[in-house]
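Student: Let's see this in three dimensions:
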Amino acid sequence: MTTYLGYRAGDADTAWGGFFDPRMAPLPGHVLDALHHGPQADQTLLDLASAADLLDDGHHATETGYGRLGRGGFTVAVLTEMPGVTPQMWDWWFGWHGSDARRYKLWHPRAHVSARWADGGGDGHYVGRTSLVEEYLGSAYTKAAIRFVPPEQLGLAPHRRGDAVAVCARLGSSELPVDIGWLVHQVRPTAGGAEMRSRFWMGGAHIGVRHGNLLANSMIRPVAARQLPDPRDLMVHCAQEMNHLAAFLPALHARFG
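Tutor: Purely as a prediction, here's the structure:
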């Protein structure tokens with residue numbers, strides 16, 4: 001299968017092709033502020049063990065930023081304000097986009113290359129499935145396996161989520177049986193729409209061999225650590241793709257959801 005960036009002749013000849021727009025809005029001011037600030041102190045960052053704190057009211061000390069963790073690895077946080085969007089639209093999107101690369105490219109037209117489900121299936125649910133994606137993070141080309149897990153696995157209990165949606169996944173390589181991190185996208189309603197609070201935990205203790213043992217983990221961790229994305233690139237990528245899609249997600253969902 002030939003993979004490439006952007007749309008080529010015939011790619012827009014789909015029911016959703018008209019939503020592809022290579023023009024992307026500038027980064028929001030709070031993301032630029034986080035880039036200028038640089039790495040944050042680890043005590044201002046949310047640890048994976050405390051992921052359930054995302055269900056508390058209010059906001060955290062770092063809603064957009066990145067930094068190294070005391071136990072190794074790093075974390076990235078991104079806040080995306082989304083007027084007119086509902087959490088359920090994002091829940092639908094994660095089950096819809098992964099079966100066709102031309103859908104995946106809508107999300108980030110300057111970085112997304114391809115996407116397919118590991119089970120070969122089509123639209124529908126996403127929890128329990130693995131999405132195999134190819135994309136750019138900055139200038140680095142990445143082939144990733146995103147295994148979506150129930151939010152409860154990270155402590156985000158159903159009775160506390162209310163009307164919010166929590167998309168949770170284990171992040172790893174699609175070429176090697178190695179995982180390198182976790183993500184949570186919590187989407188909760190606001191007065192004018194919704195806000196997405198994204199968190200990534202990468203490297204350090206979050207690296208592991210799938211179905212491996214302690215010896216295998218100790219051997220692969222130094223190698224996998226050299227394959228980690230730059231946290232600044234990850235923060236920018238997340239901010240770009242979430243803001244871009246949010247701008248037309250209500251219209252996309254109204255037509256196909």
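
Student: if you count residues, which strand in the protein comes out on top?
Tutor: Counting residues, the longest strand in the chain under DSSP state E turns out to be strand 178-190.

Student: For that strand, list the C-alpha coordinates in PDB.
Tutor: The C-alpha trace of strand 178-190 is given here as PDB (Å, rounded to 0.1, in the frame of the first residue of the first chain):
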ATOM      1  CA  VAL A 178       7.200  -2.500  22.400                       C
ATOM      2  CA  ASP A 179       5.000   0.100  24.100                       C
ATOM      3  CA  ILE A 180       6.400   3.500  25.200                       C
ATOM      4  CA  GLY A 181       3.600   5.400  26.900                       C
ATOM      5  CA  TRP A 182       0.000   6.200  27.600                       C
ATOM      6  CA  LEU A 183      -2.500   8.900  26.700                       C
ATOM      7  CA  VAL A 184      -5.800  10.300  27.900                       C
ATOM      8  CA  HIS A 185      -8.000  12.700  26.100                       C
ATOM      9  CA  GLN A 186     -10.700  13.900  28.500                       C
ATOM     10  CA  VAL A 187     -13.500  15.800  26.800                       C
ATOM     11  CA  ARG A 188     -15.900  17.500  29.200                       C
ATOM     12  CA  PRO A 189     -18.800  19.900  28.400                       C
ATOM     13  CA  THR A 190     -18.500  23.600  28.900                       C
END
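
Student: Can you give me the buried ones in that strand?
Tutor: Buried positions in strand 178-190, judged by neighbour count with 16 or more other Cβ atoms under 10 Å: 178-189. In short, each C-beta sits where N, CA and C put it, glycine included.

Student: mind checking the longest helix of this protein?
Tutor: In the chain, taking DSSP state H as the definition, the longest helix is helix 231-256.

Student: Going along the chain, name the helices of the stretch 1-150 of the chain.
Tutor: In the stretch 1-150 of the chain, the helices defined using DSSP state H, counting those that start in this stretch lie at 29-37, 87-96, 101-107.

Student: what's the first one in contact with?
Tutor: Looking back up the chat, that one is helix 29-37. Contacts to helix 29-37, defined as Cβ atoms under 8 Å, 6 or more residues apart in numbering, come from residues 27, 63-66, 78-79, 232, 235-236, 239.

Student: Name the nearest of the buried residues of strand 178-190 relative to G58.
Tutor: R188 (11.1 Å; Cβ to Cβ).

Student: Next one: that closest one from F94, what distance?
Tutor: Taking Cβ to Cβ, to the nearest Å as the measure, R188 falls 16 Å from F94.

Student: Also S131?
Tutor: 9 Å.

Student: what do the two both touch?
Tutor: F148.

Student: returning to that earlier point: could you dump the buried residues of strand 178-190 into JSON lines and include distance to P109 and pLDDT?
Tutor: Output for these, formatted as JSON lines (distance: Cβ to Cβ, whole Å; pLDDT from 0 to 100):
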{"residue": "V178", "distance to P109": "29", "pLDDT": "89"}
{"residue": "D179", "distance to P109": "28", "pLDDT": "93"}
{"residue": "I180", "distance to P109": "26", "pLDDT": "93"}
{"residue": "G181", "distance to P109": "25", "pLDDT": "96"}
{"residue": "W182", "distance to P109": "27", "pLDDT": "98"}
{"residue": "L183", "distance to P109": "21", "pLDDT": "98"}
{"residue": "V184", "distance to P109": "25", "pLDDT": "98"}
{"residue": "H185", "distance to P109": "20", "pLDDT": "98"}
{"residue": "Q186", "distance to P109": "25", "pLDDT": "98"}
{"residue": "V187", "distance to P109": "22", "pLDDT": "98"}
{"residue": "R188", "distance to P109": "27", "pLDDT": "97"}
{"residue": "P189", "distance to P109": "28", "pLDDT": "97"}
